[in-house]
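*Asks:* Task: produce atomic coordinates for the following.
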Amino acid sequence: MFHSHAMKYVFGPVPSRRLGQSLGVDPIALKTCNWNCVYCQLGRSRPLVNERRDYFPPDEIVAEVEQALHAHGPEGIDWITFLGSGEPLLHAHLGDMLRKVKALTPLPVAVLTNGSLLYLPAVRDELRVVDAVLPSLDAGTPELYRRINRPHPKLTYERLIGGLIAFGQEYEGNLWLEVMLMRGVNDTEGALRDIAAQLTRIRPSEIHINLPTRPPAEVWLEPPDQEGLMRAIAILEQVAPVRAVESVTGTVELTASDTLADAILAVITRHPLHEEELERTLAHCDAQQVHAALAELEATGRAQRVTRYGKRFWTAAASYFPEAPAAGNKATIQRRRRGVEDSD
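*Replies:* Below you'll find the model as predicted:
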């Protein structure tokens, strides 16, 4: 089941919430990001990084994509998706890699990004070659943007919106804008109308409402209730077609690794999974082997268990997830949700 050469940058295919079986390409190190979102499934960004450089050699990344395409054949892959253990646009040669991958295969290519660097014309140019770009907009005001996304100081709200508007005017592919919906944070009527007003200026082809089903960085964060979700759909669908994106379950292919532990780590570093998902995903493996691999990852300090929503998720040890305040300390959690305490 496992190949002798461990892949460093390419993982999956994994079942994606909207891209079917997606071959993931991760061009940057965990957790290299210029935002520190309260909902991030990879934990907090420490420190914030806003420098574009070659985090990994571009040729090695493209060579791994080519190798994975040969190994899987076109049948098992629906999309090739560049997404980071952080922000993929921070890789200085992302544009070159996208062009080379497009030349390798007729499969569609997508880029998941926070959109923060789209104010730079060179970055917008780099993304023109791909079939879909999925940037984020979780806030309709500068204040809420700072509270939810906790961006690098250079990345003002004006730059974010300006970049998204410019990109929307120039880009000919699918512009699918993602809104992460959070209870009591941006699911109120006022917050949603503010977001809709900005989306009207950006003109995305679709709006994808995401729910924080993976473990969020901050313990106080909760998904919206059904009423909050319905309210968001009703308000945002006045701007563009809306898709509410639920988690999918499917098979996570653990290939291209020399040991089961390495294979599991490659997936949970980018895509934290709760224990039942892992057990279901690895149903074709011996249960004892799976437990032994997880125990080995924990014992060697490479993986950790994080509890959110009463479930235990496995994720990379390098991800930083603050622990919950003492049980019963609901006042602290409520105060944080209102944004009185932004982080530490």
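*Asks:* helix or strand for T81, which one?
*Replies:* Under the criterion of DSSP states H and E, T81 resides in strand 79-82.
*Asks:* Report the mean per-residue pLDDT for the helix or strand hosting D59.
*Replies:* Assigned by DSSP H and E, D59 falls within helix 58-72. Average pLDDT, helix 58-72: 94.
*Asks:* which residues touch that helix?
*Replies:* Outside helix 58-72, the residues that touch it by Cβ atoms under 8 Å, 6 or more residues apart in numbering are 3, 5, 7-10, 13, 23, 25, 27, 77, 80, 91, 93, 96-97, 100-101, 104-105, 107, 255-256. Every C-beta, even on glycine, is put in place using the N, C-alpha and C of the backbone.
*Asks:* Tell me where the stretch 151-300 of the chain has strands.
*Replies:* 174-180, 206-210, 242-245, 273-274 (DSSP state E, counting those that start in this stretch).
*Asks:* from the contacts of helix 58-72, which would you call buried?
*Replies:* Among these, those classed as buried by 16 or more other Cβ atoms under 10 Å are 7, 9-10, 13, 23, 25, 27, 77, 80, 91, 93, 97, 100-101, 255-256.
*Asks:* E143: which of these is nearest?
*Replies:* Using Cβ to Cβ, H91 is the member of the buried ones among the contacts of helix 58-72 that sits closest to E143, with 30.5 Å.
*Asks:* could you list every residue that touches D131?
*Replies:* By Cβ under 8 Å, 6+ apart, the contact set of D131 is W79, P108, V109, A110, G173, N174.
*Asks:* again, only this time at 7 Å
*Replies:* Applying Cβ atoms under 7 Å, 6 or more residues apart in numbering to D131 gives the contacts P108, V109, A110, G173, N174.
*Asks:* Surely the third one is within a strand?
*Replies:* The reference is to A110. Yes: per DSSP: H, G, I helix; E, B strand; the rest coil, A110 lies within a strand segment.
*Asks:* which non-adjacent residue is nearest it?
*Replies:* Leaving aside its sequence neighbours, A110 sits nearest to A132 (Cβ to Cβ, 6 or more residues apart in numbering; 4.2 Å).
*Asks:* Go ahead and confirm that neighbour touches W176.
*Replies:* Yes: using Cβ atoms under 7 Å, A132 makes contact with W176 at a distance of 5.9 Å.
*Asks:* circling back to that earlier point, the residue nearest to A110 - how many residues pack around it?
*Replies:* 21 (other Cβ atoms under 10 Å).
*Asks:* same question, E275
*Replies:* Residues near E275, counting by other Cβ under 10 Å, number 15.
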